[in-house]
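Trainee: Need the 3D shape of this:
(one chain, ligands or ions: 1)
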Amino acid sequence: MIWSNWARTATCSPAGRARPRSEAELAEVVARAAADGRSVRAVGGGHSFTPAATTSGMLLSLDHVSGLERVERLPETGNALVTVGAGVRLHQLNRMLAARGLAMRNLGDIDRQSIAGAISTGTHGTGARLGGLATQVRGLRVIGVDGTVHDVGPGDPLFEASRLGLGTTGVLSAVTLEVVPAYDLVAEERPVPLAEALESLDGPDGVVATSDHFELYFFPVTGRALTLRNTRVEPAPAGRVARARRAARSFLDEELLSNGAFEMVNRLATAFGGLTPRLNAVSARGLSARTYQAPSYQVFCTRRRVRFREMEYAIPRERVRDVITEVDDWLRASGENVPFPIEVRFAAPDDVWLSTAHGRETAYVAVHQYWRLPYTRYFEAAERIFVTAGGRPHWGKLHTRDAGDLAPLYPRFDDAARVRLEHDPEGVFHNRYTRKVLG
Ligand SMILES: Cc1cc2nc3c(=O)[nH]c(=O)nc-3n(C[C@H](O)[C@H](O)[C@H](O)COP(=O)(O)OP(=O)(O)OC[C@H]3O[C@@H](n4cnc5c(N)ncnc54)[C@H](O)[C@@H]3O)c2cc1C
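Mentor: So this is what the prediction gives:
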């Protein structure tokens, strides 16, 4: 039976599929598949745009290895170490944490991914003082080729190679995260001219440095942008939380990216390409100011019902204004039919071996295209600009780079390769994509 990802950019016909109900069963399935000479891939939510999760061997779903195992409070900080089954989806995890007065330090745009898939591909949110989801990991249990369960933590090379490793060191069965006390976000959405938004980004008084979480959306060619600034605050009292939750529909969520009207805009753009500049102008003019407060995970994560394709590169933060301007200039000059906005986010430098933010202050620039429209020419042009700026592609989003291109961008690339070879000399945990990008 054919498996396909969310974006319909990757399919495969696995020789076998399994949904183990426990870590012991998972270990048995892995060992048996490896002994039979089959390759093994775990799949989470299938939300990678790349063929990261595809296989012709054994495809494993960890949907049933997703329970909450342990919560260890850390009195000195108020934080907690939380161990969960690696297949847990982020929306399940967020609810588990909220019920215990806890929350993830940062999250991406959606909550449909599994924690294992999200960390394995370097999923991130935005916040110049914060890292991606893999930086929140404090321990892992990794199932090796012979079914051995390796319980590893910081400093162990297997941990370092596995907390963001595209599943190439083994199947993750459990993840321990350091989480923080639950918090609300005050979300401020503001429409501004793109030039003004770009002007306000930099420097110690710039909006990136002074915001807990800052994000920018703009519609190609319109010169208009929407800035999103989230400030972390104490949770509102219970009654207010309920009210806030009702009001917690951001403009972006309710009126732009996920709603039926935006689907219609994209269908119109698909049928009548000449209309796109006017449609973009209408979408951009519709951007409106809004402020609301809600529990963090409800603000971070929106619904994305309009299907799209995406490429995202991590670029050195100081290059972001030039990169955005160059992409917008290319769109103006080419007249390419693009009814989707461009998204810009930020992250702190981190020490995760294969993190796209490894060792440098990072801006993420993401280009999207409606799934029924061609994306190749647009993404190729954007990728040329990103690569020239020293960009590293998101491991789970569309790109054309290979291991030869990527190795020089990651100081620990060879260390990760060494760990993979040591733990999986036959390449059981590889697929065509991982061989291409990791060697
Ligand atoms: C609508 C949408 C919005 C998105 N928003 C963001 C965003 O805001 N920020 C961002 O950074 N990314 C974002 N992404 C990308 C997405 O977060 C990543 O691609 C992520 O990997 C998806 O998680 P998943 O569970 O679907 O993983 P999958 O795509 O199923 O798998 C990804 C990789 O993880 C491996 N894997 C999965 N489970 C295991 C396991 N148990 N052990 C070992 N390896 C495993 C797979 O083999 C594969 O290599 C978005 C994607 C979509 C479609």
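Trainee: For the residue of the stretch 51-200 of the chain found nearest the ligand, grab the count of nearby residues.
Mentor: Nearest to the ligand, among the residues of the stretch 51-200 of the chain, is residue 117, at 2.1 Å (CB to the nearest ligand atom). For every residue, glycine as well, the C-beta is placed using N, CA and C. Residues near residue 117, counting by other CB atoms under 10 Å, number 28.
Trainee: From residue 89, how far off is it?
Mentor: 9 Å (CB to CB, to the nearest Å).
Trainee: Overlap in contacts, those two.
Mentor: Residues touching both residue 117 and residue 89 by CB atoms under 8 Å, 6 or more residues apart in numbering: 44-45.
Trainee: worst-scoring helix or strand of the protein, pLDDT-wise?
Mentor: Scoring the helices and strands of the chain by mean pLDDT, DSSP states H and E places helix 238-247 at the bottom, with a mean of 53.
Trainee: before we move on, the earlier item: any idea how far the helix or strand containing the residue of the stretch 51-200 of the chain closest to the ligand is from the middle of the chain?
Mentor: If you go by DSSP states H and E, residue 117 is part of helix 115-120. Chain-centre distance of helix 115-120: 9 Å, with CA atoms, centre = their mean, to the nearest Å.
Trainee: Ok, stretch 410-424 next?
Mentor: Computed by CA atoms, centre = their mean, the chain-centroid distance of stretch 410-424 equals 23 Å.
Trainee: Restrict it to CA atoms and write it as CSV.
Mentor: Only the C-alpha atoms of stretch 410-424 are listed here, as CSV (Å, rounded to 0.1, in the frame of the first residue of the first chain):
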residue,chain,number,x,y,z
TYR,A,410,28.1,22.1,9.7
PRO,A,411,31.3,21.9,11.9
ARG,A,412,30.1,18.6,13.5
PHE,A,413,28.9,17.0,10.2
ASP,A,414,31.7,14.4,10.3
ASP,A,415,31.2,13.6,14.0
ALA,A,416,27.5,12.7,13.2
ALA,A,417,28.7,10.5,10.3
ARG,A,418,31.1,8.7,12.6
VAL,A,419,28.4,7.9,15.2
ARG,A,420,26.0,6.7,12.5
LEU,A,421,28.6,4.3,11.1
GLU,A,422,29.5,3.0,14.5
HIS,A,423,25.9,2.2,15.4
ASP,A,424,24.6,1.2,12.0
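Trainee: Give me the buried stretch members for that stretch, please.
Mentor: Judged by neighbour count (16 or more other CB atoms under 10 Å), stretch 410-424 contains these buried residues: 410, 412-413, 416-417, 419-420, 423-424.
Trainee: out of the residues you listed, which are inside helices?
Mentor: Under the assignment DSSP state H, these contribute 413, 416-417, 419-420, 423 to helices.
Trainee: can you list those residues in TSV and add pLDDT and distance to the ligand?
Mentor: Shown next, in TSV, are these (pLDDT from 0 to 100; distance: CB to the nearest ligand atom, whole Å):
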residue	pLDDT	distance to the ligand
413	98	17
416	98	14
417	98	16
419	98	14
420	97	13
423	97	13
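Trainee: Give me the mean pLDDT for stretch 215-229.
Mentor: Mean pLDDT, computed over stretch 215-229, is 91.
Trainee: what about that stretch, near the ligand?
Mentor: No. If you take CB under 6 Å from any ligand atom as the test, stretch 215-229 misses the ligand, and the best it gets is 9.7 Å.
Trainee: Quick one: neighbours of residue 101, just the number.
Mentor: 11.
Trainee: ditto for residue 153
Mentor: When neighbours are counted by other CB under 10 Å, residue 153 comes out with 13.
Trainee: Let me know whether residue 39 touches residue 56 as I believe.
Mentor: Yes. The criterion here is CB atoms under 8 Å, and residue 39 meets it with residue 56 at 7.1 Å.
Trainee: the more surrounded of the two?
Mentor: Remark: of residue 39 and residue 56, residue 39 carries more neighbours, 21 against 14, as counted by other CB under 10 Å.
Trainee: State the distance from the spatially closest residue to the more buried one that is not a sequence neighbour to residue 11.
Mentor: Closest residue in space to residue 39, ignoring its immediate chain neighbours: residue 57 at 3.5 Å, by CB to CB, 6 or more residues apart in numbering. Look at residue 57 and residue 11: by CB to CB, they are 15 Å apart.
Trainee: So between those two, which is more surrounded?
Mentor: residue 57 (21 against 11).
Trainee: Quick check: that one touching residue 15?
Mentor: Yes. Residue 57 is within contact range of residue 15, at 5.7 Å (criterion: CB under 8 Å).
Trainee: what do those two both touch?
Mentor: Shared contacts of residue 57 and residue 15 (CB under 8 Å, 6+ apart): residue 38.
Trainee: pLDDT score for residue 342?
Mentor: For residue 342, pLDDT reads 96.
Trainee: quick one on the thing from earlier: would you enumerate the residues in contact with the residue of the stretch 51-200 of the chain closest to the ligand?
Mentor: 42-45, 47-48, 53, 123, 396.
Trainee: Recalculate using a threshold of 10 Å.
Mentor: 42-48, 52-53, 62, 86-87, 89-90, 123, 166-167, 172, 396 (CB atoms under 10 Å, 6 or more residues apart in numbering).
Trainee: Now, those residues that are in strands?
Mentor: 42-43, 172 (DSSP state E).
Trainee: out of those, who's nearest residue 349?
Mentor: Of all the ones in strands among the contacts of residue 117, residue 349 sits closest to residue 172, with 24.4 Å by CB to CB.
Trainee: contacting residues for the spatially most central residue of the chain?
Mentor: Compute the mean C-alpha point of the chain, and by CA atoms, centre = their mean the closest residue is residue 123, 2.9 Å away. Counting by CB under 10 Å, 6+ apart, residue 123 makes contact with 47-48, 90, 107-110, 113, 115, 117, 132-134, 164, 394-396.
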